[in-house]
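Enquirer: just a sequence and a predicted model for now, questions to come.
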Amino acid sequence: MPIEGSFVTSAAKIDPIELAHQLIRCASVTPADAGALRILQDILEEMGFSCARYPFGEVDNLYARLGTSAPNFCYAGHVDVVPVGEATQWRHNPFGGEIEDGKIWGRGAADMKGGIAAFVAAVSEFLADDKSAEGKPFDGSISFLITGDEEGPALNGTKKVLEAITAKGEIIDHCLVGEPTNPNTLGEMIKIGRRGSLNGVLRVIGTQGHVAYPDLAGNPVPTLLKLLTALTCKKLDDGNDSFQPSNLEITSVDVDNPAHNIIAGAASAKFNIRFNTEHTGDELLTWINSQIELAGKGFDGHIEADLSVPGHPFLTKPCVLTQKLSAAVNEVTGHMPTLSTGGGTSDARFITNYAPVVEFGLIGKTIHKVNEHAKLTDIKNLKEIYKAFLVRYFAV
Ligand SMILES: [Zn+2]
């Protein structure tokens, strides 16, 4: 059924600003999609895509494909957004998608509903031009993998959709994730890899007691300090050609002891390691466990550790994807983008196990903040970049 309102302009071309506006108006804070996937599915079906939903837990996901032949180029993204934060500090309704000062305002404007709208619009123009120029459809397939669980725990999103579509025989040849990769100006930066991430929670259990009688207690604090010192003193590496040095950051130390005369019974800490391709998650886990054992020697208590590796590092080497995307960026913006591996994790960490993946989207300056916005010219130029890329990708 056609959607209400008109996204389709002349020759079935989608207006990216109008679509971004409609998507922002869906209050899709993870795990809700609040109608955003319905909007996309209706438009994509109108354009000839076969769409299937992949619900997992309380999250819904969409995979859509146009064409049956290879290569299958996939655009991946998320319609979920982070919460608005301090609602009263927003200049506009965070779910209003209002347009003012040449910008569209709202949660998800840059991360990443504006990017998704730009890609859908780019595909509509590519298809319209493609048909009118050659009289035959392009050779290959275009697909969309849109999740509702990227900003949340990411357990019921891209990872599971990839497993499910692969089980059905789907093959993705190349993938572009539309995350907001540019720090300040459109065209500055393509992400070609990401660091891995390791989370640690340490809990040192001793024996509570009176500070005047330490021999009757077992203070966990010195042992925790010894362990944290050992973990932070080691230089993990110097980085390499593609990555900055790995880094361990202590994010919290808690004893929760308001009294002056009590030795607390337990002390805990949290840390995160962002690590590059000089390490594997397993190797770091082994190292941390060895430090826990050392710190616990001679301590009359024990140390509990909860360690997890939510993301492994990856690097997409220069290939047709990076070359053609860089050329498209250069054509539209005049910039030759930096190929970077900095920043946090994204769903590209899952996609890299299936296909070469890069990331390019809007500007990240206001994401996750109050007054998130995207310039209308950036959304339009991003649409031009995506379209120029599609032309190059499917050129015979
Ligand atoms: Zn995002």
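Expert: Structure received.
Enquirer: flag every buried residue along stretch 169-180.
Expert: By 16 or more other C-beta atoms under 10 Å, the buried positions in stretch 169-180 come out as 170, 172, 173, 174, 175, 176, 177, 178, 179, 180. For glycine as for every other residue, the C-beta is placed from the backbone atoms N, C-alpha and C.
Enquirer: give me the mean pLDDT for that stretch.
Expert: Taken as a whole, stretch 169-180 carries a mean pLDDT of 98.
Enquirer: please compute how far it lies from its chain's middle.
Expert: 13 Å (C-alpha atoms, centre = their mean, to the nearest Å).
Enquirer: cool, and stretch 120-130?
Expert: 25 Å.
Enquirer: related to what we said a few turns ago, can you sort out which of the buried residues of stretch 169-180 also neighbour the ion?
Expert: residue 179 (C-beta under 5 Å from the ion).
Enquirer: can you name the residue of the stretch 251-396 of the chain nearest to the ion?
Expert: As assessed by C-beta to the ion, the ion sits closest to residue 346 within the stretch 251-396 of the chain, at 6.5 Å.
Enquirer: so which of the buried residues of stretch 169-180 comes closest to residue 95?
Expert: The nearest member of the buried residues of stretch 169-180 to residue 95, counting by C-beta to C-beta, is residue 180 at 18.6 Å.
Enquirer: for the closest one, give its distance to residue 28.
Expert: Distance of residue 180 to residue 28, computed by C-beta to C-beta, to the nearest Å: 17 Å.
Enquirer: residue 119 belongs to a helix, doesn't it?
Expert: Yes. Checked against DSSP: H, G, I helix; E, B strand; the rest coil, residue 119 lies within a helix.
Enquirer: returning to what we had before: what about the residue of the stretch 251-396 of the chain closest to the ion, neighbour count?
Expert: 23 (other C-beta atoms under 10 Å).
Enquirer: that older thread, dump the buried residues of stretch 169-180 into TSV; add distance to residue 150 and secondary structure as well.
Expert: Shown next, in TSV, are the buried residues of stretch 169-180 (distance: C-beta to C-beta, whole Å; DSSP: H, G, I helix; E, B strand; the rest coil):
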residue	distance to residue 150	secondary structure
170	20	coil
172	17	coil
173	22	coil
174	20	strand
175	14	strand
176	15	strand
177	9	strand
178	11	coil
179	9	coil
180	12	coil
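Enquirer: closest to the ion out of the buried residues of stretch 169-180?
Expert: Minimum distance to the ion across the buried residues of stretch 169-180 is 4.8 Å, recorded for residue 179 (C-beta to the ion).
Enquirer: now the strands for the stretch 101-250 of the chain?
Expert: If DSSP state E, counting those that start in this stretch is used as the criterion, the strands of the stretch 101-250 of the chain fall at 103-105, 141-147, 174-177, 189-191, 193-194, 196-205, 209-210, 247-254.
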